[in-house]
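In: 3D model of this:
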Amino acid sequence: MTAISLDRPVPVLGGFTLTYLRIELVRKLRNPRALFFTVAFPVLMFFIVGYQWLDEPLTSVPLADGGVSVAAHIMVSMAMYGAMMSATQTGAAVAVERAQGWTRQLRLTPLSPVVNVIVKLAAGMVFGLVAVVATYVAASFSGVELSVDQWIVTGLAAWLLAGAVFTTLGLMVGYMVPGENVAQVTSLAVVLMSFLGGLFYPLSSMPDFLQTIGKLTPVYGIAQLARAPLTGDAFDLGALINAVVWMAVFVVGTVVYFRRDTRRS
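Out: Now for the predicted structure:
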């Protein structure tokens, strides 16, 4: 008598399908409240904080000679903040899925936990892109002037790094804490790390021990890379390692808590 194997075959690409990715994207883009605050908040903050610095050079190079304004520096910071806040909203969506039992349903499918994280990461990054584009468009119409390379490199760095790192943070928290607390935890984490990481004001103005802590936050590494084209600073390998390490930590944490959550009785 032939034995019947109960092992499920491992699907190609871990069960990834374009249909699942489309579903995740449509769910996010159909949330008008989240889209409004994703677009409105960083733009509003730029006008409140950055608009008044349009005529102030960031470095010793005058604006007339190709220098960059302080407003451009603030623009990148606000775009990053918007991308981080919108990206972490993925965690709130995960909390809803947990409450509805959707994550356990996914575990009954051939979908790999890692692929599930990757799909949600991609959807969260699209959400973060909206914040970056909105802030840059508003700043451009307000009078911020940059070279083509500076627009592209700062925008990509703010979007790709902030979106990837903080989407995975939102996912990890979404699987780790009770659903009703996810939004509060992620928002508090982003605000604290933004202050400690020097996103809102120079890190050099802080006490030494806070500077040391701030340089270890993912916000610091991402901000250094995103702002470097504005000041002409050399590429900071340590800042890149900072961002990559934090993303790896959050991805591993997400997979671990996803497995733990779906295995509970």
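
In: what's the helix or strand for P42?
Out: Here P42, judged by DSSP states H and E, is contained in helix 32-45.

In: CA atoms of that helix as PDB?
Out: C-alpha atoms of helix 32-45 as PDB (Å, rounded to 0.1, in the frame of the first residue of the first chain):
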ATOM      1  CA  PRO A  32      -9.000  58.300   2.000                       C
ATOM      2  CA  ARG A  33      -8.300  59.300   5.600                       C
ATOM      3  CA  ALA A  34      -4.900  57.800   5.600                       C
ATOM      4  CA  LEU A  35      -4.100  59.200   2.200                       C
ATOM      5  CA  PHE A  36      -5.200  62.700   3.300                       C
ATOM      6  CA  PHE A  37      -2.900  62.700   6.300                       C
ATOM      7  CA  THR A  38      -0.100  61.100   4.400                       C
ATOM      8  CA  VAL A  39      -0.200  63.900   1.800                       C
ATOM      9  CA  ALA A  40      -1.300  66.800   4.000                       C
ATOM     10  CA  PHE A  41       0.900  66.500   7.100                       C
ATOM     11  CA  PRO A  42       4.400  66.600   5.600                       C
ATOM     12  CA  VAL A  43       3.300  69.400   3.200                       C
ATOM     13  CA  LEU A  44       1.800  71.400   6.000                       C
ATOM     14  CA  MET A  45       4.900  71.000   8.200                       C
END
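
In: that helix: what's the following helix or strand?
Out: helix 70-100.

In: just want the most central residue of this protein.
Out: G163 (2.6 Å; CA atoms, centre = their mean).

In: excluding sequence neighbours, find me the nearest residue to it.
Out: Once flanking residues are discounted, G163 sits nearest to G128: 3.5 Å by CB to CB, 6 or more residues apart in numbering. C-betas here are computed from N, CA, C, even on glycine.

In: same check on V133?
Out: In space, V133 is closest to G155, 7.8 Å off (CB to CB, 6+ apart).

In: isn't the one you found up against T135?
Out: No - in this structure G155 lies outside contact range of T135 using CB atoms under 8 Å: 9.2 Å.

In: which one's more surrounded, the two?
Out: Relative neighbour count places T135 above the other of G155 and T135, with 30 against 21, counting by other CB atoms under 10 Å.

In: gap between that one and M247?
Out: 22 Å (CB to CB, to the nearest Å).

In: now do the host helix or strand of V252 against helix 70-100, angle only.
Out: Following DSSP H and E, one finds V252 within helix 237-263. Calculated by axes from the mean of the first three to the mean of the last three CA atoms, to 10 degrees, helix 237-263 forms an angle of 20 degrees with helix 70-100.

In: how far does helix 237-263 sit from its chain's centre?
Out: 13 Å (CA atoms, centre = their mean, to the nearest Å).

In: ok, the nearest residue to V39 once chain neighbours are set aside - contacts?
Out: Nearest non-adjacent residue to V39, counting by CB to CB, 6+ apart: A134, 4.3 Å away. By CB atoms under 8 Å, 6 or more residues apart in numbering, the residues touching A134 are 38-39, 42-43, 82.

In: so A134: helix, strand or coil?
Out: The three-state assignment at A134 reads helix, by DSSP: H, G, I helix; E, B strand; the rest coil.

In: count the neighbours of T88 for me.
Out: Neighbours of T88 (other CB under 10 Å): 29.

In: understood, closing this out.
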